[in-house]
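A.B. asks: Got a predicted structure plus its sequence, pasted below:
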Amino acid sequence: MYELFVLGELMTGEKHGYMLQEILKNAAGPGRQISSGTLYPLLSRLVDSGLILLRHEEESEGGRLRKVYALTEAGRARFHELMVEPIESHADSERLVNFKMVYFQYVTKDVRLACLKQYLAHLQAIRTYVKNFEAQLLKHRPEPAMQRVQLLRVFDHRLHVGEADISWVTQEIKRIEGEE
């Protein structure tokens, strides 16, 4: 996922490592921060694999060298591979879709639609799972009753959030399908 982010950000132009880290901190949200210990080894691997280039630029203050990264043609191709990769159902699916959506301007309409349709299927599968679990809970009525009631409230919340997500993604699919 972070590989997609780095390559996607470099689609917009050269960036230094600190700038990439700051953008990712904002994109990932307050609960998910990327450390230098994660980002810089990733950047090194991308340089070593020929997906990005590294050049040194002298900073105006302090005379230190700043590492500036740029995308190669191989990196551009890898970015497109990552954008068309299917979205698997896991805990980070939503974050991955959000990252992909940021870079939709760099891919075709078909790729955007495939991504959103995969995410819609993921959301619908979660809704089905929650409804089935809820039905089992109502049928078997496990004890303690207070915990069961609270769990049903959690399911109700998850269903409401899921319905809102499904509605938004469905509308976005229709909007993109209507584009020329």
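C.D. replies: Sure, I can see it.

A.B. asks: what about the most centrally placed residue in the chain, is that helix, strand or coil?
C.D. replies: Nearest to the mean C-alpha position of the chain, counting by C-alpha atoms, centre = their mean, stands residue 96 at 1.9 Å. For residue 96, the assignment made with DSSP: H, G, I helix; E, B strand; the rest coil gives helix.

A.B. asks: Let me know whether it touches residue 3 as I believe.
C.D. replies: No - using C-beta atoms under 8 Å, residue 96 is not in contact with residue 3, being 11.1 Å away. Every residue, glycine included, has its C-beta placed from N, CA and C.

A.B. asks: can you dump the C-alpha coordinates of the helix or strand bottoming out on mean pLDDT in the chain into CSV?
C.D. replies: Least confident element among the helices and strands of the chain, by mean pLDDT, DSSP states H and E: helix 17-28 (a mean of 82). Only the C-alpha atoms of helix 17-28 are listed here, as CSV (Å, rounded to 0.1, in the frame of the first residue of the first chain):
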residue,chain,number,x,y,z
GLY,A,17,11.6,12.1,1.6
TYR,A,18,10.4,14.5,4.3
MET,A,19,7.7,15.8,2.1
LEU,A,20,6.5,12.3,1.2
GLN,A,21,6.4,11.4,4.9
GLU,A,22,4.3,14.6,5.7
ILE,A,23,1.9,14.0,2.9
LEU,A,24,1.5,10.3,3.9
LYS,A,25,0.9,11.3,7.6
ASN,A,26,-2.0,13.6,6.4
ALA,A,27,-3.3,11.0,4.0
ALA,A,28,-3.3,8.1,6.4
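
A.B. asks: can you give me the offset of it from its chain's centre?
C.D. replies: Taking C-alpha atoms, centre = their mean, to the nearest Å, the mean C-alpha location of helix 17-28 is offset from the chain mean by 14 Å.

A.B. asks: Would you map the strands across the protein?
C.D. replies: 15-16, 52-58, 65-71 (DSSP state E).
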